[in-house]
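>>> predicted coordinates and the sequence they were generated for:
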Amino acid sequence: MACKKVGVPFNGTPEQEARLKKVISDLKDTKGALMPIMQQAQDIYGYLPIEVQTMISDETGIPLEKIYGVATFYAQFALQPKGKYQISVCLGTACYVKGSGAVYERLQKELGISGGECTPDGKFSLDSCRCVGACGLAPVMMINDEVYGRLKPDDIPGILAKYE
Amino acid sequence: MANINIKINGMEVSAPAGSTILEAARLANIEIPTLCFLKEINEIGACRICVVEVKGAKSLVASCVYPINEGMEVWTNSPKVLAARKKTLQLLLSNHNCSCLSCVRSGNCELQVLAKEMGIDDANFYAGEKTPSEIDDSAAHMIRDNSKCILCRRCVAVCEKTQGIGVIGANERGFATFIGSAFDMGLGETSCVSCGQCIAVCPTGALQEKSQIDEVLAAIADPKKHVIVQTAPAVRAGLGEEFGYPIGTNVEGKMAAALRRIGFDKVFDTDFGADLTIMEEANEFIERVQNGGVLPMITSCSPGWVKYCEHYFPDMTENLSSCKSPQQMFGAIAKSYYAEKEGLDPKDIVSVSIMPCTAKKFEIGRPDEDANGVPDMDYTLTTRELARMIKKVGIKFNTLPDEKFDEPLGISTGAGVIFGATGGVMEAALRTAVETLTGEELKHLDFTDVRGIQGIKEASYNVAGMEVKVAVASGLGNARELLNKVKSGEANYHFIEIMGCPGGCVNGGGQPQQPGYVRNTVDIRGLRAKVLYDADADMPIRKSHENPAIKELYATYLGKPGSEKAHHLLHTSYIKRKVNGN
């Protein structure tokens, strides 16, 4: 089985842990507390890795699997952190017909990660999105606030090199 | 409770208030098919196989969870209902690995039965993309093949609600949904206790035990190996179901005959190991009481319970009896006492057990279960695997004569046979402990307070001037409830029996699988337990310490219960584990 535990090393601080424990102790006797606990945990850590979900499980007594099931059901929860450089590739209609699928695939290959993941060094994270409002430049991707348009897959290595 | 009058398929039906349509229909001899529904365990109305038409309702309703009300008119077999069920089933089959010919459940798969009943004439009707899946064989005892999973969530419900564990659940969403563990870990990496209740309730071949039939048959075919077999008490109470006998039929004699015909060199009985366990456990209990040892002492026969204790109550592992389980005691004695007696090298003995249990497959690989420098046990098969093995080698089970177990490790008592039902270990231990403490013969051997299928039972007995308080729990959710009371000080006992499966071993995860509608309407565990209590009542000897083979074992080999040799061979140690970890 492919285990999703591996990825970017967890860098939680004691302050973050104390904040999470406070959230849990405030909420844990409330019915339906799991979702708000998870939302606040994601506010604290930015994502919900196994270390954070295990803390929630240990403190609340809710089985880890139940927490993971909720985390993978709702799109609002992220299992992977965002990278220093957040890449998002538009897979909206205009970009897609102009070949953004191949751009997205090339990025996955160059970075060695799938969509929704982050490189182990924490540098790049990759996501797809739907329309950034620059259809005239299709296919389009963004790296943080920078927009790149009229892309071809072969442009990717050169663009990534700028961020090394 | 007042009755409510409704009409089903035009017939007047009267059913108690609070009944569901499914229950009311049953009173009128109408069977509505179900798939995900398990009474009191999985009442989620998710699979839509049990839909019926209700006059005035805007869509079809799930009869398993829909309560009846006065004057309601229901149709269970209208063309609309039958078409909806068939479509639902076709959609399920469109994402199902229909490799029925090579599937372990072929012949008793609930999905296969429904496909036949609904008249599915083209299993590839909606052929197309299937949810990708991998086989999880990371656990010692079982395999999950999600290509055959229909997402009914029965396994999830029994793991979380009945057993209070919850290491499996639904991950992802929509078409990508699959049943698995947190972070897609293999089951073997989690705090799964190997109880196998998930397998017992699975309607399809998605879950099965890790089979070792072929390894056992290969050992039997090897002339250099002396292959012996032991059978747990509950196996004789369940095995017959695989051959068409009614639930609650004792097939001990035919089982012994079948094992002999399969080719085992000796056919022994775990009941002997159970009697031996009582000798050691009763002695350990008396010692703990007299010398201020850790109390309550808790039984350690059920490997699912033992692993649960290690994960969820690691601060109570000192309360666990240090006794090995009957299977492991038997194994250790077979490769020492029996080997010496027969002039065999323990390395040439292949020791096989037939168990109602899947956790036994985990137990044989535990540390400190190898008293003679070799593993105490080599292979353990479930009741279901034994049935498959009997069919595989072409034995006509139903026409076999009744035969007896071999001596000396096949000699046992009524105390040994009741080990397979909740309360049985406690009762067997009390018979021996009370006589040992008082020095007098018991007038009544039946400790009925600890019998029955209730999840938690309590009793107290006056033994030689001392008030002995005991409790019995079966099913790990009940065990947790009981132990939390002990930890909080709300309850206190001297001796507790815990079995991992609800009802005890008779309802173990390795027992024959009964379809949902049988599980929902028949007291399976009660009927199987009755087999064991009836057998006990018929036995000439009903106390472990009066078993002549046990007496001889102590007189000529072990010395006395708790002796150094007994400790080396028959006792073990435990591990403190984490809830989130293996």
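Received it, and whenever you're ready, just let me know what you need. Numbering: from 1, shown residues only, chains lettered A, B, ... in the order given.
>>> taking chain B, what residue is nearest to chain A?
Per C-beta to the nearest C-beta, residue B:166 is where chain B lies closest to chain A, at 3.2 Å. From N, CA and C alone the C-beta is placed, and that goes for glycine too.
>>> so what secondary structure elements neighbour the lowest-mean-pLDDT helix or strand in chain A?
When the helices and strands of chain A are scored by mean pLDDT, DSSP states H and E, strand A:124-129 comes last with a mean of 92. Applying 3 or more C-beta pairs under 8 Å, 6 or more residues apart in numbering or on different chains; DSSP states H and E, one finds that strand A:124-129 contacts strand A:85-90, helix A:100-111.
>>> what does that strand contact?
Strand A:124-129 is contacted by residues A:80-92, A:104, A:107-108, A:111, A:113-119, A:142, A:160, A:163 when judged by C-beta atoms under 8 Å, 6 or more residues apart in numbering or on different chains.
>>> need the residues of the stretch 301-450 of chain B near chain A, please.
Residues of the stretch 301-450 of chain B found near chain A (C-beta under 8 Å from any C-beta of the partner chain): none.
>>> please list all residues in contact with the closest residue to residue B:28 other than its chain neighbours.
Excluding the flanking residues, the one nearest residue B:28 by C-beta to C-beta, 6 or more residues apart in numbering or on different chains is residue B:13, at 4.5 Å. Each residue near residue B:13 by C-beta under 8 Å, 6+ apart is listed here: B:5-7, B:24-25, B:27-28.
>>> coming back round to it: quick check: which of the helices and strands packed on strand A:124-129 is buried the most?
Highest mean neighbour count among the helices and strands packed on strand A:124-129 (mean count of other C-beta atoms under 10 Å in any protein chain shown): strand A:85-90, with a mean of 22.
>>> any idea of the angle that strand forms with strand A:124-129?
Strand A:85-90 runs at 20 degrees relative to strand A:124-129, counting by axes from the mean of the first three to the mean of the last three C-alpha atoms, to 10 degrees.
>>> please state the offset of strand A:85-90 from the chain centre?
Offset of strand A:85-90 from its chain centre (C-alpha atoms, centre = their mean, to the nearest Å): 11 Å.
>>> run me through the strand neighbours of that strand, direction for each.
Taking DSSP bridges as the criterion, strand A:85-90 pairs within the sheet with strand A:124-129 (parallel), strand A:141-143 (antiparallel).
>>> on that earlier part again, possible to save the helices and strands packed on strand A:124-129 as CSV with mean pLDDT?
Below are these laid out as CSV (pLDDT from 0 to 100):
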stretch, mean pLDDT
strand A:85-90, 95
helix A:100-111, 96
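>>> closest one to residue B:577 among the ones you listed?
Ranking these by their distance to residue B:577 (criterion: C-beta to C-beta) puts helix A:100-111 first, at 37.7 Å.
>>> what comes up buried for stretch B:336-348?
Within stretch B:336-348, the residues scored as buried using 16 or more other C-beta atoms under 10 Å in any protein chain shown are B:336-339, B:344, B:346.
>>> related to what we said a few turns ago, a markdown table for the strands paired with strand A:85-90, including mean neighbour count?
Formatted as a markdown table, the strands paired with strand A:85-90 follow (neighbours: other C-beta atoms under 10 Å in any protein chain shown):
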| stretch | mean neighbour count |
| --- | --- |
| strand A:124-129 | 20 |
| strand A:141-143 | 21 |
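>>> of all the ones you listed, which lies closest to residue B:213?
Across the strands paired with strand A:85-90, residue B:213 has its closest neighbour in strand A:124-129 (47.5 Å, C-beta to C-beta).
>>> off-centre distance for that closest one?
On C-alpha atoms, centre = their mean, the centre of strand A:124-129 falls 7 Å from that of its chain.
>>> what sits closest to the residue nearest the centre of chain B if chain neighbours are left out?
Centroid-nearest residue in chain B, with C-alpha atoms, centre = their mean: residue B:508, separated by 0.5 Å. Counting by C-beta to C-beta, 6+ apart, the nearest residue to residue B:508 once its immediate chain neighbours are dropped is residue B:356, at 3.5 Å.
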